[in-house]
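Trainee: What shape does this take:
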Amino acid sequence: MKCFTGTICAFLALAATIAPVSYAHQGNPNFKSEITSIDPTGLADGIAVTVKNFDDGLELVNHSGKVVVVIGYDGEPYLRFSPDGRVEVNRNSPSYYLNEDRFADVEVPERADPDATPEWQEIDNTGVSYWHDHRSHYMGDGVPVQVTDENTATKVFDYRIPLRVDGEPAVAKGTLTWVGSDGGAPILPFVGLAFLTIAGGVWLGLRRRRDTGGDA
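Mentor: So this is what the prediction gives:
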């Protein structure tokens, strides 16, 4: 039984290690980022933009039958969604490289120039693409200055993701909200699994002792 208990302790220690790592790939659960509208409405029919994983990134779905271009941080074309479902990224866009890291902690190559002729590379053919966008999340460390009570939902800022739809300007508008710490949630599945494992081990141990006539 000592060996079994040691195994469970090791499992829980591993679970506690895994949970923070998963946060890094799921955004920050202290925040909620959401797209509130795409304007103008008529021009944006068939286009959906949503935030995934708390505040981690944006997903755009283009079923409009139009060419949709996401504009980068320096006003350059960054992503292009064609009516046939093709999605392309501009490899000359600085945004392409900055979006590789949550805090833009990357080295942007010299080739990246917002004024350069776009070099398009196909990345998808379903009319759907997901990308990390620094405009839609908090770029600082710790708690935003707007938050005076960490247990109260607080708007941090509104943001805008500029688009062009068949050459016409459009914008996806969003809001970032502080929702408070929820640090215990991701480890609950591990705790539940550990509990079931322990319960199963105890049941098997009792059954074996009963079957062999051993002392309880």
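
Trainee: alpha carbons only for contacts and neighbour counts from here, please
Mentor: Fine.

Trainee: C-terminal to the worst-scoring helix or strand of the chain on mean pLDDT, what's the next element?
Mentor: The weakest-scoring helix or strand in the chain, judged by mean pLDDT, DSSP states H and E, is helix 2-24 (a mean of 42). As assigned by DSSP states H and E, the chain's next helix or strand after helix 2-24 is strand 31-39.

Trainee: domain parsing for this structure?
Mentor: 1-28+182-203, 30-181 (automatic domain parsing).

Trainee: Identify the residue spatially nearest to the spatially most central residue of the chain, adjacent ones excluded.
Mentor: Residue closest to the mean C-alpha point of the chain, counted by Cα atoms, centre = their mean, is Asp56 at 2.7 Å. In space, and not counting its chain neighbours, Asp56 is closest to Gly27: 4.2 Å by Cα to Cα, 6 or more residues apart in numbering.

Trainee: Can you give me the neighbour number for the one you found?
Mentor: Gly27 has 20 neighbours, counted by other Cα atoms under 10 Å.

Trainee: so who does it touch?
Mentor: Gly27 makes contact with Asn53, Phe54, Asp55, Asp56, Gly57, according to Cα atoms under 8 Å, 6 or more residues apart in numbering.

Trainee: How about the contacts made by the last one?
Mentor: If I follow you right, that is Gly57. Going by Cα under 8 Å, 6+ apart, Gly57 touches Gly27, Val51, Tyr130, Trp131, His132, Asp133, Ser136.

Trainee: which among these end up buried?
Mentor: Burial by neighbour count, 16 or more other Cα atoms under 10 Å: within those this picks out Gly27, Val51, Trp131, His132, Asp133, Ser136.

Trainee: Look up which residues are beta-bridged to the nearest residue to Ser33 once chain neighbours are set aside.
Mentor: Excluding its sequence neighbours, the residue lying closest to Ser33 (Cα to Cα, 6+ apart) is Leu176, at 4.3 Å. As for beta bridges, Leu176 partners with Ser33, Phe157 under DSSP bridges.

Trainee: any idea how far Leu176 lies from Leu58?
Mentor: 13 Å (Cα to Cα, to the nearest Å).

Trainee: ok, residues contacting stretch 124-136?
Mentor: Under Cα under 8 Å, 6+ apart, the answer for stretch 124-136 is 33, 55-63, 81-88, 99-100, 102-104, 159-161, 174-176.

Trainee: Can you list the low-confidence ranges for the chain?
Mentor: 1-25, 182-216 (pLDDT under 70).

Trainee: could you pull out the strands for this protein?
Mentor: In the chain, the segments counted as strands under DSSP state E are 31-39, 47-52, 57-62, 68-71, 77-81, 87-90, 120-124, 128-131, 154-165, 168-178.

Trainee: Serialize the ones you listed to JSON lines and add fields for distance to Pro144.
Mentor: Shown next, in JSON lines, are these (distance: least, Cα to Cα, whole Å):
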{"stretch": "strand 31-39", "distance to Pro144": "10"}
{"stretch": "strand 47-52", "distance to Pro144": "20"}
{"stretch": "strand 57-62", "distance to Pro144": "19"}
{"stretch": "strand 68-71", "distance to Pro144": "26"}
{"stretch": "strand 77-81", "distance to Pro144": "28"}
{"stretch": "strand 87-90", "distance to Pro144": "32"}
{"stretch": "strand 120-124", "distance to Pro144": "35"}
{"stretch": "strand 128-131", "distance to Pro144": "23"}
{"stretch": "strand 154-165", "distance to Pro144": "7"}
{"stretch": "strand 168-178", "distance to Pro144": "8"}
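
Trainee: All good on my end, thank you.
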